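Enquirer: I'll drop the sequence and a predicted model, then ask my questions.
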Amino acid sequence: MPNPTGRGTVGLLWSCIITFALCVWTAVHPDVIWARYPSSQLGYKLWWTLWAAFAPEFTVAYAMFQRKQASDILKIWRQSWADEVGEEVDEHSLSRAELGAVNQGRAALSKRDWLGEPGAFFVVMSGFVIVDGDGVKPGYEAPIVAVTAPGFTALLQLGIIQELVRENKLRREHFDSRNIGDRSKASIVAKAIVGAQLLWTVIQCIGRKASNLPVTLLEVHVLIHIAYTILAYFFWWHKPLDVAEPIAIPLDSRHRAKLSQAEPAFFASIEDGITLQNRDSLFVKSRTVFPGPLSPVSMISYDLASALDHDTRLWSTIMAIINGALHCVAWLSHFPSPAEKWLWRVSSLGIAGLNIILYAALMPRSWGVRGDALMLLVATRLVAIPNCSPWRALRESLTVVLPQFNRGSTERHPSSIGYPGVVRAILWLLYLTLYLSCILFVTIESVISIRSLPAGSYQSVTWSNYFPHF
């Protein structure tokens, strides 16, 4: 006896919700954090998933940012060992000392291959933390200092990483992609199952359009997230997933003195983060997540703010325009009421338009000083506050960060006619409120719209039932 050929409201709802949840959960590849309780790790992943569910354009832009940084790190790593590789020679014509030098060069050649793409991503995702020279990892109560991509580059350019390798304080297993892969919880089988579900959803929607059957707003919304999930998969394909254990880089007094002489501001983002103005000088990042449900939110804001350079802002704006345009595809779809139809249209346009305004607002020249520097300073301040509430965050921003930001901006740009920091903060809050309103409406409306669907929405494409799915 074959299954019924139609589909019901509950089946449609659960199928889309499962697909949507799988999309977002598997697309998110969080960075490494240091937390006492596993619940903090889970909370960090859950908040990241929630952010990706409502702002997929920023998630994809962040993935693109990390992909570019990982490629740069891999290139610099290989260049750092290039000078120690000798040319091929006849071993029989060499003395024992000369042969030892050749073997050392070959060892250096193998060191060039120590850091693969997963290892480069591990650097970018704050997987390497700085500890004392004895290599003992700090306790959960101590502040964790992770090396950023610029910081790791500085360590390579100063020869500190190479020195640690020669002293056998850092070995191949610290950089080997196989060892880093063991720390990852990625599952090819799980991704294959998710991929099959996403493929079935796409094929079903294509089949419905080919059969002149309506595609619901919920299915349109899920399809958009599938597109962004595929992009996130592409850029984060080699990034380790759900890594909870960092790798220690032991720096003794010699290394710290060398860093202080070459890069006096190497630790400035931790010791004096409130004066940090240049994202390129962010050599280290705090990775300690305090207990409490809101601490992971501060860490995510800190991660995003530290990545919000000009290219990332441009790509997030482009992704947002595409997101709004894709939601406009349902411009003439069936809605339960005319008011919901117009709110959907306004929200779809708002998702694109508001991000264009944000991009223009953060332009450094049009606002006198770098508008994104204020966001980075606020995030740096809030990540050091345990379980910072929204009200505490607002108070710290207005009473601590803004006054120092305005004084610093005036000192660096005395002739600037940019808007004051308070105006920036107000406009930023206005943007955030309007943007969240738009994305919340299209998300909620896509779900509640199933209460009133055209009759054709309950008809199934017969052949799609033979495809395995949830």
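Expert: Sure, I can see it.
Enquirer: other SSEs contacting the lengthiest helix in the chain?
Expert: Ranked by number of residues, the top helix in the chain under DSSP state H is helix 421-448. In terms of contacts (3 or more C-beta pairs under 8 Å, 6 or more residues apart in numbering; DSSP states H and E), helix 421-448 is packed against helix 38-54, helix 217-235, helix 338-361, helix 371-382, helix 402-412. Bear in mind the C-beta positions are built from the backbone N, C-alpha and C, glycine included.
Enquirer: Using the three-state scheme, assign the nearest residue to residue 127 once chain neighbours are set aside.
Expert: Excluding its sequence neighbours, the residue lying closest to residue 127 (C-beta to C-beta, 6 or more residues apart in numbering) is residue 32, at 4.8 Å. At residue 32 the chain is in coil, as set by DSSP: H, G, I helix; E, B strand; the rest coil.
Enquirer: from now on call the first residue 730
Expert: That works, and once the first residue is 730, the last one we named lands at residue 761.
Enquirer: quick one: average confidence on the longest helix of the chain?
Expert: Across helix 1150-1177, pLDDT averages out at 83.
Enquirer: Distance from it to the middle of the chain?
Expert: Relative to its parent chain, helix 1150-1177 has a centroid offset of 20 Å by C-alpha atoms, centre = their mean, to the nearest Å.
Enquirer: As CSV, the helices and strands packed on helix 1150-1177 with mean neighbour count and distance to residue 789 would be great.
Expert: Converted to CSV, those look like this (neighbours: other C-beta atoms under 10 Å; distance: least, C-beta to C-beta, whole Å):
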stretch, mean neighbour count, distance to residue 789
helix 767-783, 19, 9
helix 946-964, 21, 5
helix 1067-1090, 17, 13
helix 1100-1111, 23, 18
helix 1131-1141, 15, 29
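Enquirer: Nearest to residue 1046 among the ones you listed would be which one?
Expert: For residue 1046, the closest of the helices and strands packed on helix 1150-1177 is helix 1067-1090, at 4.3 Å, according to C-beta to C-beta.
Enquirer: Which residues are in contact with the residue nearest to residue 856?
Expert: 851, 854, 855, 856, 875, 972, 973, 974, 975, 1016 (C-beta atoms under 8 Å, 6 or more residues apart in numbering).
Enquirer: Count residues in the vicinity of the last one, would you?
Expert: Residues within reach of residue 1016, counting by other C-beta atoms under 10 Å, total 22.
Enquirer: What ranges in this protein fall below the confidence cut-off?
Expert: 730-735, 812-838, 862-872, 906-908, 910-917, 997-1010, 1090-1101, 1133-1154, 1191-1199 (pLDDT under 70).
Enquirer: Which parts of the stretch 830-979 of the chain are helices?
Expert: 846-853, 878-886, 889-895, 901-904, 906-912, 917-939, 946-964 (DSSP state H, counting those that start in this stretch).
Enquirer: tell me the most buried of these?
Expert: Looking across the helices of the stretch 830-979 of the chain with neighbours counted as mean count of other C-beta atoms under 10 Å, the highest average goes to helix 846-853: a mean of 25.
Enquirer: and it, what other elements does it pack with?
Expert: Helix 846-853 is packed against helix 785-809, helix 878-886, helix 906-912, with contacts defined by 3+ C-beta pairs under 8 Å, 6+ apart.
Enquirer: Flag every buried residue along the first one.
Expert: Same thing as helix 785-809. Of all the residues in helix 785-809, those buried under the rule 16 or more other C-beta atoms under 10 Å are 785-799, 802-803, 805-806, 809.
Enquirer: got a list of what the residue nearest to residue 875 when sequence neighbours are not counted touches?
Expert: Distances taken as C-beta to C-beta, 6+ apart place residue 855 nearest to residue 875, at 3.7 Å, with adjacent residues excluded. Residue 855 makes contacts with 760, 761, 762, 875, 876, 877, 975, 1014, 1016, as judged by C-beta under 8 Å, 6+ apart.
Enquirer: Let's see that with 7 Å instead.
Expert: Residues near residue 855 by C-beta atoms under 7 Å, 6 or more residues apart in numbering: 760, 761, 875, 1014, 1016.
Enquirer: Make CSV from those residues and add distance to residue 1072 to it.
Expert: Shown next, in CSV, are these (distance: C-beta to C-beta, whole Å):
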residue, distance to residue 1072
760, 36
761, 40
875, 43
1014, 40
1016, 41
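Enquirer: taking the contacts of residue 761 one by one, which sit in strands?
Expert: With DSSP state E as the criterion, strands contain residue 875 from among the contacts of residue 761.
Enquirer: For the contacts of residue 761, which single residue is the most surrounded?
Expert: Most neighbours among the contacts of residue 761, by other C-beta under 10 Å: residue 851, with 31 neighbours.
Enquirer: Pick out the residue nearest the middle of the protein.
Expert: Closest residue to the average C-alpha location of the chain: residue 791 at 4.2 Å, with C-alpha atoms, centre = their mean.
Enquirer: quick one: which of the helices and strands packed on helix 846-853 is nearest residue 988?
Expert: Closest approach to residue 988 among those (C-beta to C-beta): helix 878-886, 7.5 Å.
Enquirer: now the angle between helix 785-809 and the closest one, please.
Expert: Angle, helix 878-886 to helix 785-809, by axes from the mean of the first three to the mean of the last three C-alpha atoms, to 10 degrees: 0 degrees.
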